[in-house]
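**Student:** Build the 3D model from these lines:
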Amino acid sequence: MLGPMSGEIGAAGDIATGMLVGRVAEPHAGEVVHRAHEHGLCLNCGTSLQGDFCHACGQAGHVHRSLHSIGHDLLHGVFHFEGKIWRTLPMLAFHPGALTRRYIAGERARFVSPLALFLFSVFLMFATIHALAGEGGVGMPPEARAKAVENIDANLAKGKAQLAELQATPNAPGAAEKIAEVKDDMTSLTAARNVMSGKAAQDIPLSFDDVHTSWHALDKGLAKARENPGLVLYKLQSSAYKYSWALIPISTPFVALLFLWRRRFQMYDHAIFVTYSIAFMMMLVVALTLLSSAGVSYWLIERAALIIPPVHMFAQLRGAYGLRKRSALWRTVALLIFAWVALLAFVAMLLVMGLME
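**Tutor:** Below is the predicted model of the structure:
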């Protein structure tokens, strides 16, 4: 009883923290504030006040001095940020191109900034997964977990058949390399099956026995992985949470490649596009996780995960950059490929950092 409850409390704390962190990135722009002081001196720098905030240092003219004010600041940070979110999320979901274009053009007060929304999305995604999906698929509907294990078993059977065929002709050209590749794939599939079956992290085989590099620090990390694979998995999860922001600088140059001959679009424009796009994808993960926990058909969730991202990319590209359908379509295909490359680069970075820590 205590375990699930502590997980829910931790998830709620993550969500509140995400709102507050997002609030730091997106302050009081465009909001109505209560005019507490029209005159007097700033308590921070001594400048004469001409409004609610000091025009010299930015500090508020009214300073709370009670325990009640701590709770007030918490609720203010959460719910005022939430007020902007309800104007931003519908735009992000149904008119992402217009949202991106309007923000770049300078319409900032009405919407949550891309960075604030990204930070909030990160906290919300990890909190939701932790609370509902748990470790290794715990909390997933039995139908979804059984379907995943069934698919893995089918791929394992194909791998065994392919391995037997290759081992029957070991002297064929390239047979040794293909055998090693199939074995690596089967090791990964076995690890995935163990995760979906709820096995402990230490029971998951991470095969680094034949992996050696000339990088001493990385080889040392691989040795640690052989000794304690569970710790490595924990570090990878922790690193994914801490360094999720790296997806933005990794992905932005790929979007810029799609518009090399259009000089009116700058790197800033592409960074705004990428940040809003990644925030949406994280929100989509949250939505699909909630639907999965509610017992929605795994088939529907799987189709939604395959269809919604490219459709959203197409709509955002077309609206943000003012593209025609054909121009937006080929860029969407290219962007999907670039997205996988960026994701693989991010995972590779996590592996290196996780093994070397």
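**Student:** C-alpha from now on. contacts and neighbour counts both.
**Tutor:** Noted.
**Student:** For the stretch 51-200 of the chain, give me the ranges with low pLDDT.
**Tutor:** Low-confidence segments of the stretch 51-200 of the chain, defined by pLDDT under 70: 62-83, 132-145, 148, 188-189, 191-200.
**Student:** same for the helix or strand harbouring T128, what does it pack against?
**Tutor:** According to DSSP states H and E, T128 maps onto helix 114-128. Based on contacts counted as 3 or more C-alpha pairs under 8 Å, 6 or more residues apart in numbering; DSSP states H and E, the elements that helix 114-128 packs against are helix 2-25, helix 267-293.
**Student:** quick one: average pLDDT of the first one?
**Tutor:** Over the span of helix 2-25, the pLDDT mean works out to 50.
**Student:** How confident was the prediction at I308?
**Tutor:** Looking at I308, its pLDDT reads 95.
**Student:** Just give the number of residues close to it.
**Tutor:** Residue neighbour count, defined by other C-alpha atoms under 10 Å, stands at 13 for I308.
**Student:** Please apply the same query to A154.
**Tutor:** A154 is flanked by 10 other residues according to other C-alpha under 10 Å.
**Student:** do the one 5 residues further on as well
**Tutor:** Residues near G159, counting by other C-alpha under 10 Å, number 18.
**Student:** which ones are touching it?
**Tutor:** Each residue near G159 by C-alpha atoms under 8 Å, 6 or more residues apart in numbering is listed here: V182, D185, M186.
**Student:** Return the set of buried residues in the helix holding T128.
**Tutor:** When neighbours are counted by 16 or more other C-alpha atoms under 10 Å, the buried residues of helix 114-128 are found to be 114-128.
**Student:** Same question for stretch 99-116.
**Tutor:** L99, T100, R101, Y103, I104, F111, V112, S113, P114, L115, A116.
**Student:** Show me which pair in the residues you listed is furthest apart.
**Tutor:** R101 and A116 (17.2 Å; C-alpha to C-alpha).
**Student:** Let me see the ranges of the helices in this protein.
**Tutor:** 2-25, 67-94, 96-105, 114-128, 142-168, 175-196, 216-227, 229-242, 247-257, 267-293, 298-321, 325-356 (DSSP state H).
**Student:** Direction-wise, compare the last one with helix 267-293 and give the angle.
**Tutor:** Same thing as helix 325-356. Helix 325-356 runs at 80 degrees relative to helix 267-293, counting by axes from the mean of the first three to the mean of the last three C-alpha atoms, to 10 degrees.
**Student:** switch to numbering from 58
**Tutor:** Let's use 58 as the start, then, which means that last one is helix 382-413.
**Student:** Which residue ranges make up each domain of the chain?
**Tutor:** Described in terms of automatic domain parsing, the domain architecture of the chain consists of the residue ranges 58-83+121-195+300-414, 196-254.
**Student:** what about V353, how many neighbours?
**Tutor:** A count of neighbours around V353, defined by other C-alpha under 10 Å, yields 16.
**Student:** For it, give its distance to A113.
**Tutor:** Separation of V353 from A113 (C-alpha to C-alpha, to the nearest Å): 55 Å.
**Student:** now swap in E359 and tell me
**Tutor:** In terms of C-alpha to C-alpha, E359 sits 54 Å off from A113.
**Student:** same question for stretch 402-414, mean pLDDT?
**Tutor:** 72.
**Student:** What pLDDT is listed against A361?
**Tutor:** 92.
**Student:** and it, how many neighbours does it have?
**Tutor:** Number of residues near A361 (other C-alpha under 10 Å) recorded here: 13.
**Student:** repeat for P147
**Tutor:** The number of residues packed around P147, counting by other C-alpha under 10 Å, is 12.
**Student:** Distance check, the residue lying closest to R144 once chain neighbours are set aside against V179.
**Tutor:** Beyond its immediate neighbours in the sequence, the residue positioned closest to R144 (C-alpha to C-alpha, 6 or more residues apart in numbering) is F168, lying 6.4 Å away. Counting by C-alpha to C-alpha, the gap from F168 to V179 is 18 Å.
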